[in-house]
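Colleague: give me coordinates for this.
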Amino acid sequence: MVRAVGKHDNRNSPKMKQRKGQAKKKARLKRQSQERKAAASHGPKKAAAPKRASKAAAPSSAAPPAAAD
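Modeller: Alright, predicted model coming up:
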């Protein structure tokens, strides 16, 4: 005999109800998180903040070039 598994399992013991409820909850949370992620990626694009020069690069670029004689 082949055993019904997953959503096709019709056992109604309290233990099985708990297990099936937990599986439904996990599936629902996963689906909702994916929907939120998709909705966030389709939103309006923000303008990127202007990049600032790093502190390490600032003194070397501000120093005048050495004169070669």
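Colleague: any idea which element the spatially most central residue of the chain lies in?
Modeller: Taking C-alpha atoms, centre = their mean as the criterion, K37 is the residue nearest the geometric centre of the chain, at 6.7 Å. Element membership for K37 (DSSP states H and E) is helix 14-41.
Colleague: gap between that helix and the chain center?
Modeller: Distance of helix 14-41 from its chain centroid, counting by C-alpha atoms, centre = their mean, to the nearest Å, is 16 Å.
Colleague: tell me which other helices or strands that helix touches.
Modeller: Contacting helix 14-41 under the criterion 3 or more C-beta pairs under 8 Å, 6 or more residues apart in numbering; DSSP states H and E is no other helix or strand. From N, CA and C alone the C-beta is placed, and that goes for glycine too.
Colleague: what comes up buried for it?
Modeller: If you call a residue buried by 16 or more other C-beta atoms under 10 Å, then helix 14-41 has these buried ones: K20.
Colleague: quick check: mean pLDDT of that helix?
Modeller: Taken as a whole, helix 14-41 carries a mean pLDDT of 93.
Colleague: now swap in stretch 50-57 and tell me
Modeller: In this model, stretch 50-57 has an average pLDDT of 72.
Colleague: put the alpha carbons of that stretch into PDB.
Modeller: Included here for stretch 50-57 are C-alpha records, laid out as PDB according to Å, rounded to 0.1, in the frame of the first residue of the first chain:
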ATOM      1  CA  PRO A  50      27.300  61.300  -4.500                       C
ATOM      2  CA  LYS A  51      30.500  59.400  -3.700                       C
ATOM      3  CA  ARG A  52      33.000  61.100  -1.500                       C
ATOM      4  CA  ALA A  53      36.800  60.700  -1.800                       C
ATOM      5  CA  SER A  54      38.200  58.500   0.900                       C
ATOM      6  CA  LYS A  55      40.300  60.000   3.700                       C
ATOM      7  CA  ALA A  56      43.400  58.000   2.700                       C
ATOM      8  CA  ALA A  57      43.300  59.200  -0.900                       C
END
